[in-house]
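Student: only the shape, not the letters, is given here:
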């Protein structure tokens, strides 16, 4: 029983970290109908930025997060404004290809600058944990869990309460109508992508703090996780990524108790396919988004 | 308007009363003169590539075999992704299934390659039907992701079926000793084998595209609901297109497995294969026969050139080129030149504006 509780608790905090990765991905997909294959690369870019700040200036990741977020926002804004907006009306596989090419460029540049070595940001607290009864909870992952909650609620507030949020939502629902209302779609798209890049950077910083990362294997895994979580949670709902992340985290953690080896990954994929067949709109997504035909 | 209609119309307008036989002969003539040159050119190319083989260095032959393999793979993706409009991002699953079917049969049961390879094709078709029926109900991104998930899932299954597949430790096809099921082909043998695979896939795709079934695929692509309304069994069209595509990829996988001798699940279920198929088709021009061919040959040559000349920067440059081509030729290079030729408008700037927000 205690083993079960431990796995559930670990899955929950791990799910928070996964959700953090997926929030931006889900936002971009929902609003612009773009599957950003370079999402993992953006997360790793943020991780390297935080790592460099930590190495050179001795900045703690908690201090580095706002800097990383700001820098990544600018980077994302420029990418969307200068590149993705050029083919945003094209069939889906073009945006997929564009972001795939972008992914290669970013990752190879990072590998060239920072080498392919595993990196981690060392802190005195991230690997420490505290115990409730027999259940150990690591501080680092708990922090990313809480951060995921905070960011999701903040994003939900922005989307429902501010002019910017309404503009993003409106552009996502009907771009033509939104433009007629005086919304600058190019700018709104760029802001959305910038937000996603900033969130990816924050997620990357947390990943670097609680574990290690490298430019070869980490980004692909992150993008794939973000994929699965976005589908599982559903699009068009800010809480989708959080729900999907937590469900996947717990499912993988509990699955790890019963199954051996890499069967856990197969289960994650099976969950994905079953979700798509039974409920394509995801757990709490809006049906409108899965009904879109984009090919 | 087709030539036959034109000639009939011309006959009626001029008050001529052509016999049906005359119309038919003129139609046959127009078919033979107008539509045979791609077939002739294709056959000539295959014969030429076969004839010059002894002059090519073995290492170059090996590289060309890879090019031929990608010609087949790109054409296979084109059938489901280009013509039918279902962008599969897990097409590599058939590659892996084809490779493992052949390897398991040859390694565990000492079956001849010439039985194992057709078995791979059957496995590919069966798997395509099995996952196609539920997954082809999904559209757009959702289909893309579901197929991606199917490929990742299948890899994990193979990875964990250690007693049969060798699991993560890989599998080896016996090529020496007295228990060899089929003698190894060597570099020249695989050059011819992959040339044949490429030629057959091209012919298959071309025949399919010009048949009644091909029009059904395009109709499903353009508007699935409308296609259903005019009496096309859309489910059947989609599943058959998926299965044909899967069969070609599985055959390529079978040959690849034998060529590699030893391989791991991560090699033959590598998502990069799928990505390359998509890139080749989209950059060449999807929904055409020549586009994926040009895309596959062009990109493989480019990748090889970058690998040789730019060393560790080849991936970086490759990525940058993909970004540039997508921005400059969003509809594919072949489609760009075809449309530019028709409209006499070669402006790249106008072309960029096509999908601009």
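Tutor: Yep, that arrived. Just so you know, these numbers come straight off a predicted model, no measurement behind them.
Student: who's in contact with the residue of the stretch 101-250 of chain A found nearest chain B?
Tutor: Distances between the stretch 101-250 of chain A and chain B by C-beta to the nearest C-beta are smallest at residue A:104, namely 2.7 Å. No exception for glycine: its C-beta is placed from N, CA and C like everyone else's. By C-beta atoms under 8 Å, 6 or more residues apart in numbering or on different chains, residue A:104 lies in contact with B:315-316, B:318-320, B:322.
Student: and if you look at residue A:268?
Tutor: Going by C-beta under 8 Å, 6+ apart, residue A:268 touches A:228, A:248, A:251-252, A:255.
Student: those residues in helices, which ones?
Tutor: Cross-referencing the contacts of residue A:268 against helices under DSSP state H gives A:228, A:248, A:251-252, A:255.
Student: make CSV from the contacts of residue A:268 and add neighbour count, distance to chain B and pLDDT to it.
Tutor: Shown next, in CSV, are the contacts of residue A:268 (neighbours: other C-beta atoms under 10 Å in any protein chain shown; distance: C-beta to the nearest C-beta, whole Å; pLDDT from 0 to 100):
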residue, neighbour count, distance to chain B, pLDDT
A:228, 24, 7, 85
A:248, 24, 13, 90
A:251, 17, 14, 87
A:252, 22, 13, 86
A:255, 18, 12, 84
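Student: farthest pair in those residues?
Tutor: Maximum pairwise distance among these (C-beta to C-beta): 13.5 Å, between A:228 and A:255.
Student: helix or strand: which one has residue B:179?
Tutor: Here residue B:179 sits in a region with no helix or strand, counting by DSSP states H and E.
Student: ok, now which ones touch it?
Tutor: Residue B:179 is in contact with residue B:110, counting by C-beta under 8 Å, 6+ apart.
Student: gap between it and residue A:193?
Tutor: Noted for residue B:179: a distance of 58 Å to residue A:193, by C-beta to C-beta, to the nearest Å.
Student: repeat that for residue A:179.
Tutor: Remark: distance between residue A:179 and residue A:193 (C-beta to C-beta) = 18 Å.
Student: compare neighbour counts for those two and give me the winner.
Tutor: Taking other C-beta atoms under 10 Å in any protein chain shown, residue A:179 and residue A:193 do not tie; residue A:193 has more neighbours (29 against 16).
Student: which pLDDT value goes with the more buried one?
Tutor: For residue A:193, the pLDDT comes out at 96.
Student: re the thing from before, can you tell me the element the residue of the stretch 101-250 of chain A closest to chain B falls in?
Tutor: Under the criterion of DSSP H and E, residue A:104 resides in helix A:92-114.
Student: and residue A:149, by the same measure?
Tutor: Per DSSP H and E, residue A:149 falls inside helix A:139-161.
Student: so where is chain A shaky, pLDDT-wise?
Tutor: For chain A, applying pLDDT under 70 flags the ranges A:261, A:287-295.
Student: if we go to 80?
Tutor: A:1, A:91-93, A:126-127, A:133-134, A:236, A:259-273, A:276-277, A:280-282, A:285-295 (pLDDT under 80).
Student: can you map out the strands along it?
Tutor: Taking DSSP state E to define them, one finds strands in chain A at A:129-132, A:135-138.
Student: as CSV, these with distance to chain B and mean neighbour count would be great.
Tutor: As requested, the strands of chain A are exported to CSV (distance: least, C-beta to the nearest C-beta, whole Å; neighbours: other C-beta atoms under 10 Å in any protein chain shown):
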stretch, distance to chain B, mean neighbour count
strand A:129-132, 30, 10
strand A:135-138, 27, 16
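Student: to residue A:37, which of these lies closest?
Tutor: Using C-beta to C-beta, those put strand A:135-138 closest to residue A:37, at 30.4 Å.
Student: what is that closest one packed up against?
Tutor: Where contact means 3 or more C-beta pairs under 8 Å, 6 or more residues apart in numbering or on different chains; DSSP states H and E, strand A:135-138 is packed against helix A:2-32, strand A:129-132.
Student: single out the most deeply packed of those.
Tutor: Stretch with highest mean neighbour count among the helices and strands packed on strand A:135-138: helix A:2-32 (a mean of 23; mean count of other C-beta atoms under 10 Å in any protein chain shown).
Student: report whether stretch A:44-54 contacts chain B.
Tutor: No: figure legend: stretch A:44-54 not in contact with chain B (C-beta under 8 Å from any C-beta of the partner chain); closest approach 14.4 Å.
Student: and that stretch, how far out from the chain middle?
Tutor: 16 Å (C-alpha atoms, centre = their mean, to the nearest Å).
Student: contacting residues around it?
Tutor: For stretch A:44-54, the surrounding residues in contact (C-beta under 8 Å, 6+ apart) are A:59-61, A:64-65, A:67-69, A:71-72, A:75, A:106-107, A:110, A:113-114, A:119-122, A:200-205, A:207-209, A:213, A:215, A:218-219, A:222.
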